[in-house]
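*Asks:* Predicted model and sequence follow; I will ask about them next.
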Amino acid sequence: MKNSVNVIAAYTRTVMKAWFQYRVDAVLRSLAVFLRESTGVIVIYFALLKFNVLHGWNMQEMLFMFSLVFLTYGIMILFFTGLRDFGWMIRTGGFDRFLLRPRGVLFQLIFVNADWFAAIGHGGLGMVLFLVSAGRVGIQWNLITVLYYVLAVAGGVLIQGAIFLFFATLNIYLLETGSLKEVFYWNARKFAGYPISIFHKAVQACLIYVVPFAFVNYFPAQFLLRKPDMQQFPEVFLYITPVVGVGMYLLAYLFWRYSLRHYKSSGN
């Protein structure tokens, strides 16, 4: 255990030095990510200035829900950058070197790299939105709500990490899954910024049962805010984000372990 912690620390130091060797460039790139992701939030902000509420959700409540999307992604990408870029490793044959090292393959992929620019940009935006909105939406912050929030964030990180692990595993069979990830992750993530109650039943089903982004932000926000549109969904959904996260990640991990047995190098 101690040796693993030392290896993780060594990986982290090396990765941080690599990403931040040009400090001005690092600051500007992180700021660029922050500003790029802010545009969607700004659009919602000005739209709500015109309409005031969206299906019962006011501006501050929408910003609070957005904060969960960005904060969980910012944390997640620190650990799962290697899975995001796994298709490139497969196609170039770079994955083969991980198989030769005396460490678990997934352990290496998780800790060998981290997109600090995306983590700071997304996570920073999530923190800003949280600080702006959390005190204005009527949440009574106490031990229970703080603990729930921490567990919900952890569950949201695991849900997205499981999705990344699943698509990374598909690369073993298909080599290229960029289009699938675009449809089932990035496009679904765009829907996740809004209350899912505004969407058609088919979209709701997708965001709950197929790509469960609703458990990343909508249901955790509902637990804390108790908006009326929650009545159309089972109450148990308010409490199971951590369970969904752990369950999804375990299933994705089992799929990963099984698929590694069938890996064949793509050559050079």
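*Replies:* Received, thanks. Residues are numbered from 1 along each chain as shown.
*Asks:* Tell me which stretches of the stretch 101-250 of the chain form helices.
*Replies:* Listed in chain order, the helices of the stretch 101-250 of the chain (DSSP state H, counting those that start in this stretch) span 105-111, 116-133, 143-174, 178-181, 187-191, 201-205, 218-225, 241-260.
*Asks:* winner for burial among these?
*Replies:* Mean neighbour count (mean count of other CB atoms under 10 Å) peaks for helix 218-225 among those, with a mean of 23. All C-beta spots, glycine's among them, are computed from the backbone N, C-alpha and C.
*Asks:* Go ahead and flag the most central residue of the protein.
*Replies:* Nearest residue to the geometric centre of the chain (CA atoms, centre = their mean): Y73, 3.3 Å.
*Asks:* Identify the residues contacting that residue.
*Replies:* A118, H122, G123, G126, Q160, R189 (CB atoms under 8 Å, 6 or more residues apart in numbering).
*Asks:* Swap in 7 Å and give it another go.
*Replies:* Y73 is in contact with H122, Q160, counting by CB atoms under 7 Å, 6 or more residues apart in numbering.
*Asks:* Could you measure from the closest residue in space to S30 that isn't next to it in sequence over to V246?
*Replies:* In space, and not counting its chain neighbours, S30 is closest to I120: 4.1 Å by CB to CB, 6 or more residues apart in numbering. Relative to V246, I120 is positioned 27 Å away (CB to CB, to the nearest Å).
*Asks:* again with Y173
*Replies:* Taking CB to CB, one finds Y173 at 25 Å from V246.
*Asks:* looking at this structure, which helix or strand is least sure?
*Replies:* Sorting the helices and strands of the chain by mean pLDDT, DSSP states H and E puts helix 2-19 at the bottom, at a mean of 68.
*Asks:* and N58, backbone torsions?
*Replies:* For N58, the backbone dihedrals (degrees, to the nearest 10) come out as phi -90, psi -180.
*Asks:* Now for it: which residues touch it?
*Replies:* Contacts of N58 by CB under 7 Å, 6+ apart are N52.
*Asks:* any idea of the pLDDT on it?
*Replies:* On pLDDT, N58 comes in at 88.
*Asks:* cool, H122 as well?
*Replies:* 91.
*Asks:* Could you measure from it over to E182?
*Replies:* 18 Å.
*Asks:* what do you get for A202?
*Replies:* 19 Å.
*Asks:* what about this protein, any weak spots by pLDDT?
*Replies:* Applying pLDDT under 70 to the chain flags the ranges 1-5, 7-8, 11, 15, 18-19, 266-268.
*Asks:* hmm, back to that, any idea how far the residue nearest to S30 lies from F20?
*Replies:* I120 is 10 Å from F20, by CB to CB.
*Asks:* what's the answer for K181, then?
*Replies:* According to CB to CB, K181 stands 27 Å off from F20.
*Asks:* ditto for I90
*Replies:* I90 is 28 Å from F20, by CB to CB.
*Asks:* Looking at the two, which has the bigger crowd around it?
*Replies:* Using other CB atoms under 10 Å as the criterion, I90 and F20 rank with I90 on top: 21 against 14.
*Asks:* For stretch 80-96, list the C-alpha coordinates in PDB.
*Replies:* Extracted in PDB, the C-alpha atoms of stretch 80-96 (Å, rounded to 0.1, in the frame of the first residue of the first chain):
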ATOM      1  CA  PHE A  80      -9.500   9.500 -16.000                       C
ATOM      2  CA  THR A  81      -7.600  11.600 -18.600                       C
ATOM      3  CA  GLY A  82      -5.900   8.300 -19.700                       C
ATOM      4  CA  LEU A  83      -9.300   6.800 -20.400                       C
ATOM      5  CA  ARG A  84     -10.400   9.800 -22.400                       C
ATOM      6  CA  ASP A  85      -7.400   9.500 -24.700                       C
ATOM      7  CA  PHE A  86      -7.300   5.700 -24.700                       C
ATOM      8  CA  GLY A  87      -8.400   5.400 -28.300                       C
ATOM      9  CA  TRP A  88      -5.300   7.200 -29.400                       C
ATOM     10  CA  MET A  89      -3.100   4.900 -27.300                       C
ATOM     11  CA  ILE A  90      -4.700   1.800 -28.900                       C
ATOM     12  CA  ARG A  91      -4.400   3.100 -32.500                       C
ATOM     13  CA  THR A  92      -0.700   4.100 -32.100                       C
ATOM     14  CA  GLY A  93       0.300   1.000 -30.200                       C
ATOM     15  CA  GLY A  94       1.200   3.000 -27.100                       C
ATOM     16  CA  PHE A  95      -1.000   0.900 -24.900                       C
ATOM     17  CA  ASP A  96       1.300  -2.000 -25.300                       C
END
